[in-house]
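[1] have a look; sequence and predicted model below, questions after that.
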Amino acid sequence: MLTLDRLPNEVLHGIASFLHKKYDLAALSRTNRHCYNITSPILWKHEAKSDRPGALHWAVEHGDINVFNKALEAGVQPSRMAYAHKPKSRIDPRYKWWNYHSSYYDDPEWRLDNDDASVDLDSSYVLHDHCNCFEGGCDDGIFNDCSWEPIHVAASKGRIDMIEILLEKGASVDAFSWGLCLCRPHLPIDAFSDSRAVEEEELEDLHGGGWTPLHIAICHGQVEAAKYLLKRGASSIIYQGIDFELDATAWRDDEVTRDSSRFRLTAMHHAAKHNQLELLQFLLDEGHQDTVNAEGPFMGTPLFQAIWYGHWDTVVPWLLKNGADIDTRLIETRLTPLMMACFSRRFDDASRLIDLGASVTTLSVHQFSILHLILGPGQLRFDEYGETQEPEKPTSSVSEAEIIEKFIAHGFPVNAREALLGMTPLMVASASCNLPAMKALIAGGADINALDHDGLTALARIGEAAEGTAISGLYDAGSMLLEAGAVLKDSMEDLTPLNVICSRRCETYASRDWEEQHAKLAKLLIERGADPNEKGISISRPFTEAVIHSNYTLARAILESGGRPEPNDIEDLLSKSAKDMYDDGKTEFIVNLDFAKHEMTGPSDAFLVRLIQTALNEQLWTRAADLIKVVQTPKEMRKGLVHRCLLNGSLTGDDPSTLVQTLLDLGESPNELWDDEPPIYYSLKSGYCWRSTPVLVNAGADIDMPTKAMPDGAFMYSINQGYQSQSLQMLAKHPNVLCDRPERLHRECWASVIRWDHGMQPPRRRNTDAPDVPYLYWNIAHHLMGAGLRTDVTLDDGREVKSIVEQAVPTDYTLGLVEQKVLEKFDIPYEEPVYPSDHEDSSYDEEDEDEYGVLGEMLSNDGDESDGLDDYDSQLDGDDDDYDEDDDEDGGMPIPMPLLFGFYM
């Protein structure tokens, strides 16, 4: 019998030549040695023509010099590019890997909890002809369009032998890459998080350039490879490609013009970052860099890197010894290393820098001093859910107050002003109620009564930027400034601190402590001599200003301290609030004031009645209720008002329930008919039924009164109309409402809580041919049964309720306590269902991930055949097991990547 290996070589060669897929060629080559010798040259020829990463990248990745040489000999380009939608997962085990597509990016379910289980194909490349979003840019993040060449991978592994061969074959020593490491072309984002000159989005956008092989060697700790690349002519500029322009005014005060047109990040920057002292010395001794003060925007000099990453015992002293400028500044923000250490709360580092001679007087962009950067708001921050959280600050043995004292002792100008608002450090600290900083500044000679550009002092600025718990220091901060000699009139325009705090708005989300602290501060200012009736340049007196800005606790404190509104202020405030849909409680506060106690004349009854009519015309029901509570309203004005506010609703969306409650308290009947219907009917039909209905029910509304629209009463009307929430509200007041009711009403109740649905299966498993099955509103059924709903009822179609309930018992989840109580009342036994686990009967199985995931997509033979030779298949993944020649005769044996391209060489 003629076997495959006995065919003439020409026939075998012809068969192999007609195979267009590398997968098929690889399968043929695995049959035996003879077929391998015939097929291997053809396979390598196809590999050389392919634009996929293939054998060369695999060889560099796994350090296989034989396959590496064979690929280059076959004509594979040494600069062949590999692309990926995610960085290489071998870089750092700290990181978890997930698909970087924007639609998945924020979904934690796509993240892998175990780095060892990360998808890291050898090589981990995504074939972009299988990803139709690549050309449009599928990722918004910094790792969009990850790409690299073999020389980058060789540099990351320190394979100088491979680097040498690649360079001789024509690879570029300065080729760009992205995603082979996690480095970014700037200092960490947290180094700029508090800077007013740099936005986080601006830093995130800095990914348009690329890292060279020299950088890859440095960041992977391959010092010898880095030296070799430099000897072979690698540029010391390790990152290029981003056009960058600065605001010309950002450093207009500099004497030297800076070249900010492009990033210039050098090998020294990242050698300093990674504590590679040997490489730093090599760069300087061999003349690859002639200065240790090379700088780039957002990256600074190598000294910035060494300080930020804490190399105080190695790189920092070496850089200073070789001429590093300790007061150099970032091009964009004009920050010095000392400034950067301070506003990032690294006070230990700041203290070291001062001891090394760093200047404490240098100013950043917009004339911000060191203290302007580290003081100010930010005592508490808000997370993505709006909850307050303490900021994470580096642990430092030096406190903020201690570093301030050290600045002042070394010549810091304690009254330095920034250019934007003219604020001194004391004003900034006062604005955020930073008590320790204020104490240190005052002790250091800060001018207590200095004026900023707006004519305000530290006392007038107090607490304006405080957040969270910092506001609790408002009163103490005021006391500290007053004890230090703060005056109560700040400028020639008589803008006093009392005027200022009364003009602040107490937002609805502000804590109660905000109001209390401002009230205590107002009393303190008045006790120290502030006039509670002095307007200054404000439009109104302090009391009126406080009410206008919804600071009612503060307004009450001013009243108690002798402050009074002007004669017409009360009427003006009420007139405006009667037409204001967002009253914030002004009307209620004003009308409830004890005018007699404070020796004031209150508004007349006639005036208030006119305001009530205005509020009713504007459909501001809450405002009208506030006024009706304090003035005797004509009976004709109240007649039919309950029905009117429920029937018409409000164009402003004002809830009528407060007005309804007020009118009922004044004696209006909850059962008075209007067009033959009681108020509860209009309540059930209104948009605010969930609030007005319990008001009426608790006031004695008759829920059994038959009317034209509700022949069986309000309760059965709510049942039949599907107003289940309102039914439960009525049940709370009338727990036995269904006792002694005719069977017809019991049937209607059961009909209202049963819904017939098609199949009632999860969407993934839905069978469109399944019969209709009942769905029971278990909670409402439980409450109705507690109110006397009978269980021995037959529906109008003749079906018994008990049999329907039995059908409604779900089989794909376990019933809760309420549902089980319903079954108990029917004497229906219940057993927990047995249903498939999450891994059974599912459209996705983790064991099939390779078949249906990225790998399966690569290896599928069912795809488009038009790409001919370029499928990336299993022979590029390989297996690390050794190949056994005895298995040749068995045929069909999968062999690893090295043997596929390197056997019988």
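    Done, it's in. Residues are numbered from 1 along each chain as shown.

[2] so where's the stretch 701-850 of the chain shaky on pLDDT?
    Applying pLDDT under 70 to the stretch 701-850 of the chain flags residues 757-771, 834-850.

[3] 90 - rerun?
    Applying pLDDT under 90 to the stretch 701-850 of the chain flags the ranges 724, 740, 755-775, 796-798, 808-816, 830-850.

[4] please enumerate the strands of this protein.
    82-84, 146-148, 210-211, 237-240, 265-266, 381-382, 388-389, 754-758, 772-776 (DSSP state E).

[5] quick one: list the elements packing against the second one.
    Same thing as strand 146-148. strand 82-84 (3 or more C-beta pairs under 8 Å, 6 or more residues apart in numbering; DSSP states H and E). All C-beta atoms are positioned from the backbone trio N, CA, C, and that covers glycine.

[6] mean confidence (pLDDT) on the strand it packs on, please.
    Average pLDDT, strand 82-84: 75.

[7] how far out from the middle of the chain is it?
    Centroid separation between strand 82-84 and its chain, computed with C-alpha atoms, centre = their mean, to the nearest Å, is 29 Å.

[8] so which of the strands of the chain is the most surrounded?
    Of all the strands of the chain, strand 265-266 carries the top mean neighbour count, a mean of 26, counting by mean count of other C-beta atoms under 10 Å.

[9] including distance to A578, could the strands of the chain go into JSON lines?
    Below are the strands of the chain laid out as JSON lines (distance: least, C-beta to C-beta, whole Å):
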{"stretch": "strand 82-84", "distance to A578": "66"}
{"stretch": "strand 146-148", "distance to A578": "64"}
{"stretch": "strand 210-211", "distance to A578": "66"}
{"stretch": "strand 237-240", "distance to A578": "65"}
{"stretch": "strand 265-266", "distance to A578": "65"}
{"stretch": "strand 381-382", "distance to A578": "36"}
{"stretch": "strand 388-389", "distance to A578": "37"}
{"stretch": "strand 754-758", "distance to A578": "47"}
{"stretch": "strand 772-776", "distance to A578": "50"}
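
[10] out of these, nearest to Q632?
    strand 388-389 (46.8 Å; C-beta to C-beta).

[11] report the mean confidence score over that closest one.
    If you average the pLDDT over strand 388-389, you get 40.

[12] and stretch 159-166, by the same measure?
    The model assigns stretch 159-166 a mean pLDDT of 96.

[13] residues of that stretch that come out buried?
    By neighbour count with 16 or more other C-beta atoms under 10 Å, stretch 159-166 contains the buried residues R159, I160, M162, I163, I165, L166.

[14] mind saving the C-alpha coords of stretch 19-30 as PDB?
    Below are the C-alpha coordinates for stretch 19-30, written out as PDB (Å, rounded to 0.1, in the frame of the first residue of the first chain):
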ATOM      1  CA  LEU A  19      -2.200  24.700   0.900                       C
ATOM      2  CA  HIS A  20      -2.900  28.300   1.500                       C
ATOM      3  CA  LYS A  21      -3.200  28.200   5.200                       C
ATOM      4  CA  LYS A  22      -0.200  28.000   7.500                       C
ATOM      5  CA  TYR A  23      -2.300  25.800   9.800                       C
ATOM      6  CA  ASP A  24      -2.700  23.200   7.000                       C
ATOM      7  CA  LEU A  25       1.000  23.400   6.100                       C
ATOM      8  CA  ALA A  26       1.900  22.900   9.800                       C
ATOM      9  CA  ALA A  27      -0.400  19.900  10.000                       C
ATOM     10  CA  LEU A  28       1.200  18.300   7.000                       C
ATOM     11  CA  SER A  29       4.700  19.000   8.300                       C
ATOM     12  CA  ARG A  30       3.800  17.200  11.600                       C
END
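
[15] just give me how far that stretch sits from the chain centre.
    On the basis of C-alpha atoms, centre = their mean, stretch 19-30 sits 49 Å off its chain's mean C-alpha point.

[16] same check, this time on stretch 441-460
    Relative to the centre of its chain, stretch 441-460 is centred 37 Å away, using C-alpha atoms, centre = their mean.

[17] again with stretch 436-448
    37 Å.

[18] what pLDDT, on average, does it get?
    94.

[19] who touches it?
    Contacts to stretch 436-448, defined as C-beta atoms under 8 Å, 6 or more residues apart in numbering, come from residues 371, 375, 399-401, 404-405, 408, 414-415, 424-426, 429-430, 457-459, 477, 480-481, 484-486.

[20] could you list the buried residues of it?
    A437, M438, K439, A440, L441, I442, G444, A446, D447, I448.

[21] likewise for stretch 734-749?
    V737, L738, R741, L745, H746, R747, E748, C749.

[22] can you check stretch 216-226 too?
    Buried residues in stretch 216-226 (16+ other C-beta under 10 Å): I216, A217, I218, C219, H220, Q222, V223, A225, A226.

[23] hang on, isn't N779 packed against V818?
    Yes. Counting by C-beta atoms under 8 Å, V818 is a contact partner of N779 at 5.8 Å.

[24] these two: which is more packed in?
    In terms of neighbours (other C-beta atoms under 10 Å), N779 is the more surrounded of N779 and V818; the figures are 15 against 12.

[25] give me every residue that touches that one.
    Counting by C-beta under 8 Å, 6+ apart, N779 has contacts V818.

[26] okay, it and S725: tell me how far apart.
    According to C-beta to C-beta, to the nearest Å, N779 stands 11 Å off from S725.

[27] what of D572?
    42 Å.

[28] likewise for L815?
    23 Å.

[29] who has more neighbours, these two?
    More crowded of L815 and S725, by other C-beta under 10 Å: L815, with 16 against 12.

[30] tally up the residues packed near V630, please.
    Counted with other C-beta under 10 Å, the neighbours of V630 add up to 17.

[31] which ones are touching the closest residue to it other than its chain neighbours?
    Closest residue in space to V630, ignoring its immediate chain neighbours: V591 at 4.5 Å, by C-beta to C-beta, 6 or more residues apart in numbering. Counting by C-beta under 8 Å, 6+ apart, V591 makes contact with L574, P603, L608, D626, L627, K629, V630.

[32] try C342
    By C-beta under 8 Å, 6+ apart, the neighbours of C342 are A350, I370, L373, I374, I403.

[33] same thing with T301?
    T301 makes contacts with H269, V292, N293, A294, E295, A324, D325, T328, as judged by C-beta under 8 Å, 6+ apart.

[34] mind running it again at 6 Å?
    Applying C-beta atoms under 6 Å, 6 or more residues apart in numbering, we find T301 in contact with N293, E295, T328.

[35] turn these into TSV, including neighbour count.
    Output for these, formatted as TSV (neighbours: other C-beta atoms under 10 Å):
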residue	neighbour count
N293	17
E295	23
T328	18
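
[36] ok, so of the residues you listed, who is nearest G14?
    Using C-beta to C-beta, those come closest to G14 at E295, 64.6 Å.

[37] find the nearest non-adjacent residue to that closest one, please.
    Nearest to E295 is T301, by C-beta to C-beta, 6+ apart, at 4.9 Å.

[38] so what does that neighbour have for phi and psi?
    phi -100, psi 170 (degrees, to the nearest 10).

[39] helices and strands of the chain: which one bottoms out on pLDDT?
    In the chain, no helix or strand scores lower on mean pLDDT, DSSP states H and E than helix 854-859, which sits at a mean of 26.

[40] in the stretch 151-300 of the chain, where is pLDDT below threshold?
    Applying pLDDT under 90 to the stretch 151-300 of the chain flags residues 176-211, 237-265, 294-300.

[41] can you pull out the helices in it?
    Under the criterion DSSP state H, counting those that start in this stretch, the stretch 151-300 of the chain contains helices at 160-168, 200-204, 213-219, 223-231, 267-273, 277-285.

[42] brilliant, that's me finished.
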